[in-house]
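**Q** The following comprises the amino acid sequence and a computationally predicted model.
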Amino acid sequence: MLMEGTAMEEIIQVHDLTKKYRLYAKPSDRLKEALGFSKKKRYTEKYALKDVSFEVRKGECVGIIGVNGSGKSTLLKIITGVLNQTSGEVKVNGRISALLELGAGFNMEYTGLENVFLNGAMLGFSDREIEGRLEEILSFADIGDYVYQPVKTYSSGMFVRLAFALAINIDPEILVVDEALSVGDVFFQAKCYHKFEEFKERGKTILFVSHDLSSVSKYCDRVILLHKGVKLDEGAPKEMVDEYKQLLVSQEPVRKDESDTEGTVFTLKTVHDHFFLNPKALEYGTKQAEFTDIIVLDENGLATNTIRKGSRFTIKLSVCFHEDVKEPILAYTFKNIRGTELTGTNTLFESAPEIDGSAGRSCTVSFSQIMSLQGGEYLLSFGCTGYRDGEFTVFHRLYDACNVTVVSDRNTVGFFDMNAEVKVE
């Protein structure tokens, strides 16, 4: 890995990065090749990463997402110098601090305090410099006298507390985090995310791997999507999360630029006055079942994209089954304009009567509820899923199919109104 100290906007540069492993059927094959006893190729090659390129600019929070085995952790290990690449180049222009898998960089026989000084030395700090930061590190970790015990006695939560406290208090220019925060308790996670926001405000750079898509949407400025070791796409968190969700159900992602073309414009058979669908909604699925009508009705039963806060409204979904579908599930989800899922439900969660998914049949499902979202703009997504040949299948999914404007004359804190009743005595 090449380290440079010159200031530049691109603080991390990755060019044509490849990591290749040799897989042997049995240990003796590896030994024979190492000793030169065999001219025959006794291994298969496995690419963890292949020709991955991207840049990260100073002050960005960049997320890296992908299904298991996509190469996320391998990429971070190469960037942080834990692994060497097979080919390609990585340039890092600044002090980097990493929180990788649990316990990485810790000596299990040393105490927590000894590990703080050990890791500090590995990062180029003197004992005096670490002593100057020690109070902040221990205060953030908040593990009490356990800091004097061997880390092999620590719980996973204590591990991550100490590791994160160290990572953020050495004043890094780049913070790299790989899923580790999912181990801590809810209060510690909240403290860590608050620190994320503080880092961003100070112009620090964050490289963030997580399966928590809400956090990715909230904190990241840009997201890189990896799949089977290849960079599949990169862009705004909302679009990348939508593509990732398609990969989760083994669908080939429909990218936004592809869905913007005339040939993929989304339409339904039924059109309603005063209710508008998004013709560029992201649409995918096997289409054994297909939406034929979607509509939002206000408290008076009128089709509309505007709902008054506190009123009852209804979402009606109609679907046609082209082939037999076992136990179909119809769903809706509200998201904010950044793509964070706020609420939603489906016929399975609501224990709705079983839907007959026989080929040739149609059905309409109505979800009726009180609008408790704060005043503002929201996006609605819909899905029809179920099982086919024993496998969970997405038959028809529509992301951001329509907008809903919530009109309110009284908002509270956050996304929802808890409809509190206040008494003063």
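**A** Nice, thanks for sending it over.
**Q** What is the least confident helix or strand in the protein?
**A** strand 2-3 (a mean of 46; mean pLDDT, DSSP states H and E).
**Q** low-scoring stretches of the stretch 51-200 of the chain, by residue?
**A** Residue ranges of the stretch 51-200 of the chain with pLDDT under 70: 101-104, 180-184.
**Q** Show me what the top strand by length along the chain is packed against.
**A** Scanning the chain for the strand with the most residues, using DSSP state E, yields strand 391-407. Here strand 391-407 touches strand 282-284, strand 289-297, strand 306-308, strand 326-335, strand 376-388, going by 3 or more Cβ pairs under 8 Å, 6 or more residues apart in numbering; DSSP states H and E. Just so you know, the C-beta spots here come from the backbone N, C-alpha and C atoms, and that holds for glycine as well.
**Q** quick revisit: parallel or antiparallel, list what pairs with whichever helix or strand comes after the least confident helix or strand of the chain.
**A** Per DSSP states H and E, the first helix or strand lying C-terminal to strand 2-3 is strand 10-24. Paired neighbours of strand 10-24 in the sheet (DSSP bridges): strand 43-57 (antiparallel), strand 87-92 (antiparallel).
**Q** Tell me the first helix or strand C-terminal of strand 10-24.
**A** Downstream of strand 10-24, the first helix or strand assigned by DSSP H and E is helix 27-35.
**Q** relative to strand 10-24, how tilted is that next one?
**A** 110 degrees (axes from the mean of the first three to the mean of the last three Cα atoms, to 10 degrees).
**Q** In PDB, could you pull the C-alpha coordinates for helix 27-35?
**A** The C-alpha trace of helix 27-35 is given here as PDB (Å, rounded to 0.1, in the frame of the first residue of the first chain):
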ATOM      1  CA  PRO A  27      -3.400 -29.800   2.500                       C
ATOM      2  CA  SER A  28      -1.000 -32.300   0.900                       C
ATOM      3  CA  ASP A  29      -1.600 -30.600  -2.500                       C
ATOM      4  CA  ARG A  30      -0.400 -27.300  -1.000                       C
ATOM      5  CA  LEU A  31       2.700 -29.000   0.400                       C
ATOM      6  CA  LYS A  32       3.600 -30.800  -2.800                       C
ATOM      7  CA  GLU A  33       3.400 -27.500  -4.700                       C
ATOM      8  CA  ALA A  34       5.400 -25.600  -2.100                       C
ATOM      9  CA  LEU A  35       8.200 -28.300  -2.300                       C
END
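**Q** buried residues in that helix?
**A** Within helix 27-35, the residues scored as buried using 16 or more other Cβ atoms under 10 Å are 29, 33.
**Q** Packing partners of that helix?
**A** So helix 27-35, by 3+ Cβ pairs under 8 Å, 6+ apart, packs with strand 43-57.
**Q** who touches the strand it packs on?
**A** 9-24, 29-30, 33, 62, 71, 74-75, 78, 85, 88, 205, 207, 224, 226, 229-231, 234 (Cβ atoms under 8 Å, 6 or more residues apart in numbering).
**Q** How many residues are close by residue 65?
**A** The local packing of residue 65 (other Cβ atoms under 10 Å) involves 25 other residues.
**Q** Just the element for residue 199, please.
**A** helix 186-201.
**Q** no wait, residue 279
**A** Residue 279 is part of no helix or strand when elements are defined by DSSP H and E.
**Q** on that earlier part again, in a markdown table: the strands paired with strand 10-24, plus distance to residue 304.
**A** A markdown table is the format used below for the strands paired with strand 10-24 (distance: least, Cβ to Cβ, whole Å):
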| stretch | distance to residue 304 |
| --- | --- |
| strand 43-57 | 42 |
| strand 87-92 | 52 |
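**Q** Point out the one among the ones you listed that comes closest to residue 341.
**A** Closest approach to residue 341 among the strands paired with strand 10-24 (Cβ to Cβ): strand 43-57, 26.0 Å.
**Q** OK, contacts around the nearest residue to residue 397 once chain neighbours are set aside?
**A** Leaving aside its chain neighbours, residue 397 sits nearest to residue 383 (4.5 Å; criterion: Cβ to Cβ, 6 or more residues apart in numbering). Applying Cβ under 8 Å, 6+ apart to residue 383 gives the contacts 329, 330, 331, 332, 333, 346, 394, 396, 397, 398.
**Q** again, only this time at 10 Å
**A** Going by Cβ atoms under 10 Å, 6 or more residues apart in numbering, residue 383 touches 245, 249, 285, 291, 317, 329-333, 344, 346, 394-399.
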